[in-house]
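[1] got a sequence here, can you build the structure:
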Amino acid sequence: MLLRFVSCNFPGQDFFSFFILTTGTVLIAAAGNIVNDLMDLSVDLINKPERVIVDRYIKRKNALFCYIFFNCTAIILSLVFLDLLLTVVFISSVFLLFIYSYKLKKLPLAGNLTVAFLSALVVLEVLWFQYDHLSYYWQIHLYLYTAFAFYTTFAREIVKDIEDIRGDEKFNCRTLPVVAGVRISKFFIYISYFSIICLLLVEFYLLYSLNSGTGIIYLCLLLLLPMVLLFIFTSRASNRSDFHGLSSGLKLYMLSGLFLLFFI
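    Numbering: from 1, shown residues only. Below you'll find the predicted structure:
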């Protein structure tokens with residue numbers, strides 16, 4: 001929604017097609033959260049018992065009904081849109097989210113990469129389906145945002161795995177922290193941070209070429225400087241509470257990155 005607002009409604013993009021795209025994406029994401037909660041109920045009772053919803057606020061059969069209903073509605077909407085590519089993307093996303101919850105999240109890096117890819121896919125959808133109507137200016141920014149979504153999500157997913165290492169070990173989940181340890185896991189987080197800095201430097205150059213002083217100030221104060229702090233906090237994090245705070249910090253960092261759209 002924010003992309004549509006700041007880009008002056010992307011020339012050529014009618015509201016109906018945008019509604020189909022965004023609504024279907026939200027429904028599939030919601031269904032993905034539901035199936036993940038269903039399959040991870042035992043682990044979540046150890047890692048985050050206070051945040052368990054299934055069997056506490058909603059019955060399993062009702063949660064399963066919502067999962068099926070959301071996915072079917074999204075796919076039907078794509079069929080109404082009469083776009084084969086969108087239907088394929090939606091069905092593939094549903095399949096990936098199910099496989100992620102069933103198997104991939106229990107494997108080192110596979111689950112992290114899957115969630116990061118699906119997060120980046122949200123931006124790519126706009127790029128793919130409106131490519132002919134986007135200026136070169138917006139194409140470049142959307143590519144940068146796609147990469148930004150991938151690396152920030154990837155880093156946060158590894159942080160969450162470190163945070164949940166106790167429950168994952170008990171249920172034989174082979175996540176990266178369980179298999180390789182926290183130190184190696186942090187190395188992958190640092191790689192993501194470095195990649196994000198490279199993306200921000202490219203964005204800095206673009207803003208500088210457009211003489212966008214406010215954009216440069218925002219980028220430096222709310223994206224580059226916080227990234228330095230994230231490096232420091234990650235290096236010092238040593239217990240579950242530290243990594244929980246780091247996960248929350250990365251979530252706010254993602255939001256800060258999204259709001260940069262107002263200045264480009």
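
[2] tell me which stretches of the chain form helices.
    Secondary structure of the chain (DSSP state H): helices located at 2-6, 15-39, 41-47, 60-80, 84-102, 110-129, 136-163, 165-170, 176-180, 182-209, 213-219, 225-236, 240-259.

[3] rounded mean pLDDT for the fifth one, please.
    Pointing back at helix 84-102 there. Across helix 84-102, pLDDT averages out at 92.

[4] and if you look at the last one?
    Helix 240-259 shows a mean pLDDT of 95.

[5] got the angle between that helix and helix 182-209?
    Relative orientation of helix 240-259 versus helix 182-209 (axes from the mean of the first three to the mean of the last three C-alpha atoms, to 10 degrees): 20 degrees.

[6] can you add mean neighbour count and give the helices of the chain back as JSON lines?
    For every residue, glycine as well, the C-beta is placed using N, CA and C. Output for the helices of the chain, formatted as JSON lines (neighbours: other C-beta atoms under 10 Å):
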{"stretch": "helix 2-6", "mean neighbour count": "15"}
{"stretch": "helix 15-39", "mean neighbour count": "18"}
{"stretch": "helix 41-47", "mean neighbour count": "16"}
{"stretch": "helix 60-80", "mean neighbour count": "16"}
{"stretch": "helix 84-102", "mean neighbour count": "18"}
{"stretch": "helix 110-129", "mean neighbour count": "20"}
{"stretch": "helix 136-163", "mean neighbour count": "21"}
{"stretch": "helix 165-170", "mean neighbour count": "16"}
{"stretch": "helix 176-180", "mean neighbour count": "19"}
{"stretch": "helix 182-209", "mean neighbour count": "16"}
{"stretch": "helix 213-219", "mean neighbour count": "16"}
{"stretch": "helix 225-236", "mean neighbour count": "14"}
{"stretch": "helix 240-259", "mean neighbour count": "16"}
